[in-house]
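[1] Okay, here's the prediction I keep looking at, along with the sequence it came from:
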Amino acid sequence: MRVLVVDDHALFREGLRLLLLSQPGLACEVAASADAGLQLARSGPDYDVVLLDWHMEGLSGADAIRAFREVAQESRIVVVSAEKSAGLVRAAVEAGAAGFIPKESSPEVLEQALQKIAAGGIYLPSALLASGGESQRPAGAGPRTLDAAFPGLTPRQIDVLAAVLKGVSNKVIARQLGISDATVKSHLSVIFRELSVQSRTEAVYVAARQGVSIA
């Protein structure tokens with residue numbers, strides 16, 4: 001797995017790099033700003049995961065997530081932040097993040113989160129998921145495929161939902177699947193109804209609670 005760490009605090013950035021490099025089969029590069037990270041993403045190898053600080057000088061927050069989504073469409077963007085309010089987590093997911101890891105997390109939690117994300121899952125703080133009022137998959141349970149978690153969806157709707165969970169925009173989904181924007185919106189209406197949600201963000205939360213994998 002190739003990971004890019006983007007954080008403007010040198011001590012945290014380098015400490016996280018050393019921690020990640022201690023994991024077998026994991027390669028890591030670092031950048032001190034979103035702009036520097038975007039340059040690496042444009043010119044370097046494809047990254048499986050981008051660990052992105054939320055608060056940075058220059059480009060940051062939701063704008064940084066959206067920029068990485070444009071440049072590194074196959075990478076999974078995960079916010080790593082000292083702030084962990086429900087509103088910030090929701091803003092990150094709305095911008096296209098596939099996960100959110102509080103900076104206070106232990107190395108073990110970070111490793112588990114990366115393994116889950118690399119396997120196609122979504123990682124959000126357990127306390128936030130537990131507060132959602134829905135049943136959550138047991139921690140030790142293996143990942144579920146989307147069609148197993150949501151059997152009422154057609155194969156094409158599963159494709160659309162998988163793209164949504166990756167943070168892909170409607171326009172890009174339409175291009176990738178060879179369908180119109182209107183057809184994407186029609187599929188999303190059915191998906192939201194099936195998941196009993198009203199937005200992409202809520203769909204991500206439901207998928208995270210169900211422990212789905214989109215790999």
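    Sure thing, it's come through.

[2] pLDDT weak spots in the chain?
    128-143, 215 (pLDDT under 70).

[3] what residues go with each domain of the chain?
    2-130, 144-213 (automatic domain parsing).

[4] Columns mean neighbour count on top of those, output as TSV?
    Where you see a C-beta, it was placed from the backbone N, CA and C, and this is true even at glycine. Below are the domains of the chain laid out as TSV (neighbours: other C-beta atoms under 10 Å):
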stretch	mean neighbour count
domain 2-130	18
domain 144-213	17
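
[5] Give the next helix or strand downstream of the lengthiest helix in the chain.
    For the chain, the longest helix by residue count, based on DSSP state H, is helix 181-195. Next helix or strand after helix 181-195 toward the C-terminus (DSSP states H and E): helix 200-210.

[6] just how off-centre is that next one within its chain?
    11 Å (C-alpha atoms, centre = their mean, to the nearest Å).

[7] And stretch 113-128, by the same measure?
    8 Å.

[8] Then stretch 47-66?
    The answer for stretch 47-66 is 12 Å, by C-alpha atoms, centre = their mean.

[9] need the helices for this structure, in chain order.
    Using DSSP H, helices in the chain cover 10-21, 34-43, 61-71, 86-95, 107-118, 126-130, 146-149, 155-165, 170-177, 181-195, 200-210.

[10] what inclination does the third one have with respect to helix 86-95?
    Just to be clear, that refers to helix 61-71. Inter-element angle recorded for helix 61-71 and helix 86-95: 20 degrees (by axes from the mean of the first three to the mean of the last three C-alpha atoms, to 10 degrees).

[11] Backbone dihedrals for G211, please?
    Main-chain torsions, G211, degrees, to the nearest 10: phi 70, psi 40.

[12] how much space between it and G99?
    13 Å (C-beta to C-beta, to the nearest Å).

[13] same check, this time on A32
    Counting by C-beta to C-beta, the gap from A32 to G99 is 22 Å.

[14] repeat for R69
    Where G99 is concerned, R69 sits at a distance of 14 Å (C-beta to C-beta).

[15] Ok, R200 next?
    15 Å.

[16] Identify whichever of the helices of the chain lies nearest to H55.
    helix 61-71 (7.2 Å; C-beta to C-beta).

[17] centroid residue for the protein?
    Centroid-nearest residue in the chain: A98, 0.8 Å away (criterion: C-alpha atoms, centre = their mean).

[18] hey, what's the closest residue in space to it that isn't next to it in sequence bridged with?
    Among residues not flanking A98 along the chain, R76 sits closest, at 4.2 Å (C-beta to C-beta, 6 or more residues apart in numbering). On the basis of DSSP bridges, R76 is bridged to V49.

[19] What of P102?
    Under the criterion used (DSSP bridges), P102 bridges to S81.

[20] just to revisit the earlier point, I'd like the helices of the chain written out as JSON lines, with distance to W54 added.
    Below are those laid out as JSON lines (distance: least, C-beta to C-beta, whole Å):
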{"stretch": "helix 10-21", "distance to W54": "13"}
{"stretch": "helix 34-43", "distance to W54": "11"}
{"stretch": "helix 61-71", "distance to W54": "6"}
{"stretch": "helix 86-95", "distance to W54": "7"}
{"stretch": "helix 107-118", "distance to W54": "16"}
{"stretch": "helix 126-130", "distance to W54": "15"}
{"stretch": "helix 146-149", "distance to W54": "28"}
{"stretch": "helix 155-165", "distance to W54": "20"}
{"stretch": "helix 170-177", "distance to W54": "23"}
{"stretch": "helix 181-195", "distance to W54": "27"}
{"stretch": "helix 200-210", "distance to W54": "16"}
